[in-house]
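Undergrad: structure here, sequence nowhere to be found:
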């Protein structure tokens with residue numbers, strides 16, 4: 001039946017991906033376009049509306065034929081109202097009623113939540129977290145965040161942004177300024193978005209590296225690391241340190257022993273996770289098992305999770 005179709009939309013810092021799912025949850029098709037980091041709420045919503053119209057027309061559907069649309073974003077979201085308060089990757093989207101704006105213009109159900117919450121649902125139900133009771137999904141990509149599953153249910157907190165671990169403060173008022181409008185959060189030290197900034201800062205201070213003159217992206221840093229470049233090795237070690245501290249703090253706070261890691265920085269593999277695990281274990285003085293797992297849903301975890309959001313609320 002047409003009304004069982006769902007579109008999951010994953011709006012990240014670099015791209016916006018759309019997945020069309022049938023009533024059994026099977027992914028039928030996906031499209032994507034680059035993220036406009038300078039956009040505002042109405043402009044972003046307009047792009048989503050145009051893309052949904054094109055996507056549904058391609059498959060002979062109208063938006064009103066859909067069961068619903070799930071949208072996840074790297075944002076502080078007032079969940080019950082469907083209002084975006086702040087988006088570090090797209091700072092122009094502030095205090096905007098995204099859910100109702102889209103719902104009114106598309107004529108279908110819309111669910112909105114943080115991208116890490118959506119990824120947590122996806123991995124818990126279909127990926128590395130299957131069969132467990134509790135789980136923390138840790139997103140290590142353009143940004144850093146987490147989604148928390150307790151007793152099989154997504155924990156959202158009082159307002160909706162439980163799990164914003166990337167914006168916990170590591171060095172308050174010191175370091176790079178993040179889109180959250182604070183200095184010294186974990187995201188500013190260990191995210192893909194700020195990695196080039198950290199490299200360039202070191203180069204400006206006189207560090208010598210084969211990274212001089214390149215884009216300083218994660219791929220470039222990993223390639224330099226594999227060549228034994230001293231600066232690249234320092235940057236990777238620093239990233240591992242701050243992620244280890246962040247994860248250890250979550251473990252102490254929540255006492256959840258399963259962490260599933262996803263996002264682009266997972267491709268750093270042992271270069272990142274070797275020191276990360278060793279540092280975590282050095283902090284942990286109680287000899288009970290803590291499991292680090294790699295996300296299983298690859299590049300589609302965001303759209304799968306976004307589709308799960310609409311199934312969760314209707």
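TA: Received the coordinates, thanks. Keep in mind that what you see is a predicted model, and the values were worked out from it rather than measured.

Undergrad: contacts and neighbour counts: CA atoms only from here.
TA: Fine.

Undergrad: for this protein, what helix or strand is lowest in average pLDDT?
TA: helix 301-313 (a mean of 89; mean pLDDT, DSSP states H and E).

Undergrad: pull out the buried positions in it.
TA: For helix 301-313, a neighbour-count test (16 or more other C-alpha atoms under 10 Å) marks 301, 302, 303, 304, 305, 306, 307, 308, 309, 310 as buried.

Undergrad: please apply the same query to stretch 175-190.
TA: 176, 178-180, 182-190.

Undergrad: okay if I get the buried residues of helix 301-313 as CSV plus distance to residue 255?
TA: Output for the buried residues of helix 301-313, formatted as CSV (distance: C-alpha to C-alpha, whole Å):
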residue, distance to residue 255
301, 25
302, 26
303, 29
304, 27
305, 24
306, 27
307, 29
308, 26
309, 25
310, 29
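
Undergrad: farthest pair within these?
TA: Pairwise distances across the buried residues of helix 301-313 (C-alpha to C-alpha) peak at 14.8 Å, for the pair 301 and 310.

Undergrad: related to what we said a few turns ago, and which of the buried residues of helix 301-313 is nearest to residue 12?
TA: residue 302 (8.8 Å).

Undergrad: quick one: the strands in the stretch 51-200 of the chain, in order.
TA: In the stretch 51-200 of the chain, the strands defined using DSSP state E, counting those that start in this stretch lie at 68-73, 75-78, 83-87, 110-114, 135-140, 144-150, 153-155.

Undergrad: a markdown table for the ones you listed, including distance to residue 7?
TA: As requested, those are exported to a markdown table (distance: least, C-alpha to C-alpha, whole Å):
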| stretch | distance to residue 7 |
| --- | --- |
| strand 68-73 | 5 |
| strand 75-78 | 20 |
| strand 83-87 | 20 |
| strand 110-114 | 10 |
| strand 135-140 | 22 |
| strand 144-150 | 21 |
| strand 153-155 | 20 |
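
Undergrad: turn those strands into a markdown table, including mean neighbour count, distance to residue 56 and mean pLDDT.
TA: Shown next, in a markdown table, are these (neighbours: other C-alpha atoms under 10 Å; distance: least, C-alpha to C-alpha, whole Å; pLDDT from 0 to 100):
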| stretch | mean neighbour count | distance to residue 56 | mean pLDDT |
| --- | --- | --- | --- |
| strand 68-73 | 28 | 11 | 96 |
| strand 75-78 | 24 | 26 | 92 |
| strand 83-87 | 21 | 25 | 93 |
| strand 110-114 | 28 | 15 | 95 |
| strand 135-140 | 28 | 30 | 96 |
| strand 144-150 | 25 | 30 | 96 |
| strand 153-155 | 17 | 29 | 94 |
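
Undergrad: to residue 166, which of the ones you listed lies closest?
TA: strand 144-150 (4.7 Å).

Undergrad: for the closest one, name the packing helices and strands.
TA: Counting contacts by 3 or more C-alpha pairs under 8 Å, 6 or more residues apart in numbering; DSSP states H and E, strand 144-150 packs against helix 115-126, strand 135-140, strand 153-155, helix 186-190.

Undergrad: what's the angle between the helix ranked longest in the chain and strand 144-150?
TA: Across the chain, the helix with the greatest residue count (assigned by DSSP state H) is helix 230-254. Our comparison of helix 230-254 with strand 144-150, counting by axes from the mean of the first three to the mean of the last three C-alpha atoms, to 10 degrees, yields an angle of 30 degrees.

Undergrad: what's downstream of helix 230-254, the next helix or strand?
TA: Downstream of helix 230-254, the next assigned helix or strand under DSSP states H and E is strand 258-262.

Undergrad: among the buried residues of stretch 175-190, show me the least confident.
TA: The lowest pLDDT within the buried residues of stretch 175-190 belongs to residue 179, which sits at 81.

Undergrad: measure the residue lying closest to that one once chain neighbours are set aside to residue 164 for me?
TA: Closest residue in space to residue 179, ignoring its immediate chain neighbours: residue 88 at 4.0 Å, by C-alpha to C-alpha, 6 or more residues apart in numbering. Distance, residue 88 to residue 164, by C-alpha to C-alpha, to the nearest Å: 11 Å.

Undergrad: please verify my assumption that residue 162 contacts residue 154.
TA: No. In this structure, residue 162 is not within contact of residue 154 by C-alpha atoms under 8 Å, at 9.6 Å.

Undergrad: nearest to residue 284, of the strands of the stretch 51-200 of the chain?
TA: Per C-alpha to C-alpha, nearest to residue 284 of those: strand 135-140, 17.2 Å.

Undergrad: for that closest one, packing partners?
TA: Packing partners of strand 135-140 (3+ C-alpha pairs under 8 Å, 6+ apart): helix 115-126, strand 144-150, strand 258-262.
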